[in-house]
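# Only the shape, not the letters, is given here:
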């Protein structure tokens, strides 16, 4: 023992070993978490993607028994899909634009102007989160029934706008509040007009948050199914609403898998921007946090 | 020098603006406020009025009556639906805390380079819409689905699918709400400074004590917001229980949709809607109050 402790290499080795076990222990937890989360969270979506490229897939094979894309032409030729896709894109674009036009000036006012009841009115938009969603949709649908808005595109646009209000007002409001006023004042002092200050100083500073709000609104509207289902049927069938009937009457798994895969692409693109939103806490602001 | 100039010019500009700017403010916010009143408060109040004022069967004169609500609570199926909704909500919210807090603590304190991978994975469900999630989980959890095959590969047989069972609904709702839960809980834990945790550890507190006595109380607001929004969100869920849940009992969202679309019973659907409003009102008010307080303290 005495000999060993006198050996000069031992303390170094043991400290290296300690550091190693420490990293293994630390990274071990990360690895376990990643494997578990990957299975539970990515697993279901991976299954869909595999099904989209499977000609035959028999239990208990872990991958398709026969790979292929023979169902794609058939799926893409479906008449309901050809109707629903442009409708969904058109609706999402319309709702996002309308919501931006309605909400962005308001968010500027909430951030910058002084008027009685400003805080209370801003907080009142939390109501969109404080009601159980589907109960609210049913109440709106009853009102729309009297106004003959059931089964019409304006009806669907209106019910989908409700969903976007909180996000489109709170995220930009906190962005406008975050702009350093002294920068604007400095620009004004050197003779820039108010419009120019807004366009060249304020707007570039809030643009990342504004685009986050617009993008999130577009994607969430594109996928909104519940409001569109209860107000839109029987005449207005969006892609998301179409999924209900595909799931409930699934005969061929590949149909649903291919449509899900196509439908999911915009979200996948958004996912690549996700890290940036999180760092800016933009998503939290959308929940009223 | 420039500093001195700007600091004197700011009050002057503000003073000049003050007399009219409040009107401009109202003009700019009028439209969204109007939409909110017309599409949230008005339908909710109308639902209350429509269900409370019942036309008499013979005379047709409307009078204040609780008969719609009595009918609801006499209907065994509807009461079972309400209880089922409670059960699912409480179980799912409890599970979300059990899963969410360890993940949030990990993301807050881990110095691992792999932590960002864990973060991306926890956020992933945010970008999977409900209808697609439902389809994906049917293929994953269904009998002879992916999980069944995986378990089979490891030698487990006798897998019983949670699809069309209450467990399936709970799994899907938890799956869907994990990003929001972890995001907000992590944000709350970030507000607790490292120094506070370290000094507690120096005086000999163990991890559990640090969590219960320091981290939880200091990030209570985020926990309350998570609780409220998860309760309301799950109580008012439709897509997941409709596509993954059992036919009987149903969650309230499904029950309302069936009453509205299949039976064309608008008053019946509204009665159920108002009942969900009332049960969520306490939680909704708690949410609004918590956010309000948080903003006041920050300002």
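Structure's in. What do you need? Computed from a predicted structure; not experimentally measured.
# can we go C-alpha only for contacts and neighbour counts from here?
Fine.
# ranges for the helices of the stretch 1-150 of chain B?
B:2-36, B:42-52, B:67-74, B:76-109, B:115-123, B:130-141, B:146-153 (DSSP state H, counting those that start in this stretch).
# okay, those in JSON lines with mean pLDDT and mean neighbour count next?
Putting those into JSON lines (pLDDT from 0 to 100; neighbours: other CA atoms under 10 Å in any protein chain shown) gives the following:
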{"stretch": "helix B:2-36", "mean pLDDT": "67", "mean neighbour count": "14"}
{"stretch": "helix B:42-52", "mean pLDDT": "92", "mean neighbour count": "19"}
{"stretch": "helix B:67-74", "mean pLDDT": "91", "mean neighbour count": "14"}
{"stretch": "helix B:76-109", "mean pLDDT": "94", "mean neighbour count": "18"}
{"stretch": "helix B:115-123", "mean pLDDT": "86", "mean neighbour count": "20"}
{"stretch": "helix B:130-141", "mean pLDDT": "91", "mean neighbour count": "24"}
{"stretch": "helix B:146-153", "mean pLDDT": "85", "mean neighbour count": "20"}
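# among those, which is nearest residue A:191?
Among those, the nearest to residue A:191 by CA to CA is helix B:2-36 (12.8 Å).
# just so I have it, where are all the helices in the stretch 51-200 of chain A?
A:70-76, A:79-112, A:118-124, A:127-130, A:133-146, A:153-178, A:181-189, A:194-197.
# okay, the angle between the helix or strand just after the last one and helix A:79-112?
Looking back up the chat, that one is helix A:194-197. Counting by DSSP states H and E, the next helix or strand C-terminal to helix A:194-197 is helix A:203-223. Using axes from the mean of the first three to the mean of the last three CA atoms, to 10 degrees, the direction of helix A:203-223 lies 150 degrees away from that of helix A:79-112.
# What helices and strands are in contact with helix A:203-223?
Helix A:203-223 is packed against helix A:79-112, helix A:153-178, helix A:239-248, helix A:253-279, helix A:282-286, with contacts defined by 3 or more CA pairs under 8 Å, 6 or more residues apart in numbering or on different chains; DSSP states H and E.
# before we move on, the earlier item: closest to residue A:51 out of the helices of the stretch 51-200 of chain A?
Of those, nearest to residue A:51 by CA to CA is helix A:70-76, at 10.2 Å.
# and the chain, what are its domains?
No chain was given, so I picked chain A. A:2-68, A:72-286 (automatic domain parsing).
# oops, I was thinking of chain B
B:2-63, B:74-298.
# so can I have CSV of these showing distance to residue A:262?
Compiled in CSV, the domains of chain B are given as follows (distance: least, CA to CA, whole Å):
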stretch, distance to residue A:262
domain B:2-63, 32
domain B:74-298, 11
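# any chance of those domains in TSV, with distance to chain A too?
Output for the domains of chain B, formatted as TSV (distance: least, CA to the nearest CA, whole Å):
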stretch	distance to chain A
domain B:2-63	4
domain B:74-298	4
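# ok, residue A:59 to chain B distance?
Relative to chain B, residue A:59 is positioned 6 Å away (criterion: CA to the nearest CA, to the nearest Å).
# neighbours around that residue, how many?
15 (other CA atoms under 10 Å in any protein chain shown).
# Not counting its neighbours along the chain, what's nearest it?
Counting by CA to CA, 6 or more residues apart in numbering or on different chains, residue B:144 is the residue found nearest to residue A:59 once chain neighbours are left out, at 5.7 Å.
# ditto for residue A:70
In this structure, residue A:70 finds its nearest non-sequential neighbour in residue A:55, 6.4 Å apart by CA to CA, 6+ apart.
# circling back: most tightly packed of the helices and strands packed on helix A:203-223?
Ranked by average neighbour count under the criterion mean count of other CA atoms under 10 Å in any protein chain shown, those are headed by helix A:153-178 at a mean of 23.
# which strands and helices sit next to it?
Against helix A:153-178 (3+ CA pairs under 8 Å, 6+ apart) you get helix A:79-112, helix A:127-130, helix A:133-146, helix A:203-223, helix A:226-232, helix A:282-286, helix B:2-36.
# any chance of these in a markdown table, plus distance to residue B:248?
Formatted as a markdown table, these follow (distance: least, CA to CA, whole Å):
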| stretch | distance to residue B:248 |
| --- | --- |
| helix A:79-112 | 30 |
| helix A:127-130 | 27 |
| helix A:133-146 | 19 |
| helix A:203-223 | 27 |
| helix A:226-232 | 20 |
| helix A:282-286 | 35 |
| helix B:2-36 | 35 |
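# Looking at those, spot the one closest to residue B:128.
helix A:203-223 (9.1 Å).
# Going by neighbour count, which residues in that closest one are buried?
Neighbour counts over helix A:203-223 (16 or more other CA atoms under 10 Å in any protein chain shown) mark A:205-206, A:208-210, A:212-223 as buried.
# contacting residues around it?
Residues from elsewhere that reach helix A:203-223 (CA atoms under 8 Å, 6 or more residues apart in numbering or on different chains): A:88-89, A:91-93, A:95-96, A:100, A:160, A:163-164, A:167-168, A:171-172, A:175-176, A:179, A:239-240, A:266-267, A:270, A:277, A:280, A:282, B:129-130.
# Repeat that for stretch A:158-166.
A:95-96, A:98-99, A:103, A:125-126, A:128, A:137, A:140, A:217, A:221, A:224, A:227-228, A:231, A:286-288, B:32, B:35-36, B:39-40.
# ok, now with 6 Å
Stretch A:158-166 has contacts (CA atoms under 6 Å, 6 or more residues apart in numbering or on different chains) with A:125, A:217.
# avg pLDDT for that stretch?
Averaged over stretch A:158-166, pLDDT sits at 92.
# looking at the helices of the stretch 1-150 of chain B, which is closest to residue A:72?
helix B:130-141 (17.7 Å).
# Residues touching that closest one, excluding its own?
With CA under 6 Å, 6+ apart, helix B:130-141 has contacts from A:44, A:45, A:48, A:260, B:145, B:146, B:147.
# give me every residue that touches the fifth one.
Think residue B:145. Applying CA under 6 Å, 6+ apart, the residues near residue B:145 are residue B:139.
# Mean pLDDT lowest where, among the domains of chain A?
domain A:2-68 (a mean of 77).
# mind checking how far the residue lying closest to residue A:85 once chain neighbours are set aside is from residue A:89?
Using CA to CA, 6+ apart and skipping the chain neighbours, the partner closest in space to residue A:85 is residue A:239 (5.8 Å). Distance of residue A:239 to residue A:89, given as CA to CA, to the nearest Å: 9 Å.
# Okay, now the unreliable bits of the stretch 151-299 of chain B?
B:299 (pLDDT under 70).
# and with 90 instead?
B:151-166, B:187-188, B:190-219, B:245-248, B:261-266, B:279, B:281, B:287-299 (pLDDT under 90).
# That one: helices as residue ranges?
For the stretch 151-299 of chain B, applying DSSP H, counting those that start in this stretch gives helices covering B:166-190, B:194-202, B:207-209, B:216-218, B:220-235, B:239-244, B:252-257, B:266-298.
# Take these and write them to a markdown table, including mean neighbour count.
Formatted as a markdown table, the helices of the stretch 151-299 of chain B follow (neighbours: other CA atoms under 10 Å in any protein chain shown):
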| stretch | mean neighbour count |
| --- | --- |
| helix B:166-190 | 23 |
| helix B:194-202 | 13 |
| helix B:207-209 | 12 |
| helix B:216-218 | 16 |
| helix B:220-235 | 23 |
| helix B:239-244 | 24 |
| helix B:252-257 | 26 |
| helix B:266-298 | 19 |
